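Undergrad: One predicted model, sequence on top.
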Amino acid sequence: MKKQLFALVIVLLAGIGAASAQSNVTSQEYTTALGVKFYPGAVSLKHFIKTNAALEGLGYFWNKGARITGLYEFHGDINGAAGLKWYAGPGAHVGFYNSKYGGGSSFGVDGVLGLDYKFKGAPINMSVDWQPSFEFNGAYDGFSGNWGGLGIRYVF
């Protein structure tokens, strides 16, 4: 378990370091987008608070519970690819679970690493990311590397 926590910390620090090192960040191509994220299914709301930083809220709901996640994402341009950005950052979550052995709650920390694309001339944004997390209590203690997925959002 210590190795998994160490790996999560390394991923978070690498993402933050890369975001801090980005020097040619330009303005984002949208401000707010609302949509869905697949695997597992979630409602996603992303809002830029700076030209290179966004907040993303995710609401996951399934038959065994729910999980609410908040992420702070550093964004940077990818040279030669208009509309495409990389992003990385930290976050946290709280979850509520049901099972045949009883229910419970959990909380944890998250990281995110991904790509974000805004279609030129269309109000559509897509993203693909990996969102590793570490839970501190509850039914699913420890590291989980199977969050993240494909996001499709409508841009306001």
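TA: That came through, no problem.

Undergrad: What pLDDT does the model give the nearest residue to Tyr39 once chain neighbours are set aside?
TA: Of all residues not flanking Tyr39 in the chain, Gly149 sits nearest, at 3.6 Å (Cβ to Cβ, 6 or more residues apart in numbering). (C-beta placed from N, C-alpha, C; glycine too.) pLDDT recorded at Gly149 is 91.

Undergrad: ok, now how distant is Gly149 from Ser105?
TA: Taking Cβ to Cβ, to the nearest Å as the criterion, Gly149 is separated from Ser105 by 23 Å.

Undergrad: And these two? Which one has more around it.
TA: Gly149 (19 against 12; other Cβ atoms under 10 Å).

Undergrad: Pull out the buried positions in whatever helix or strand that one lives in.
TA: In the assignment (DSSP states H and E), Gly149 maps to strand 148-155. Residues of strand 148-155 classed as buried: Gly148, Gly149, Gly151, Arg153, Val155 (neighbour count, 16 or more other Cβ atoms under 10 Å).

Undergrad: Contact partners for the first one?
TA: By that I understand Gly148. Gly148 sits next to Tyr39, Val112, Gly114, Val128, Asp129, Trp130, Gln131, Pro132 when contact means Cβ atoms under 8 Å, 6 or more residues apart in numbering.

Undergrad: Could you pick out the one among the residues you listed with the lowest pLDDT?
TA: Tyr39 (76).

Undergrad: Would you mind giving both backbone torsions of that one?
TA: Phi and psi for Tyr39, reported as degrees, to the nearest 10, are phi 80, psi 110.

Undergrad: For the nearest residue to Asn137 once chain neighbours are set aside, grab the count of nearby residues.
TA: Leaving aside its chain neighbours, Asn137 sits nearest to Ser106 (5.6 Å; criterion: Cβ to Cβ, 6+ apart). Ser106 has 18 neighbours, counted by other Cβ under 10 Å.

Undergrad: Ser106 against Thr69, yeah?
TA: No: taking contacts as Cβ atoms under 8 Å, Ser106 lies outside contact range of Thr69: 11.9 Å.
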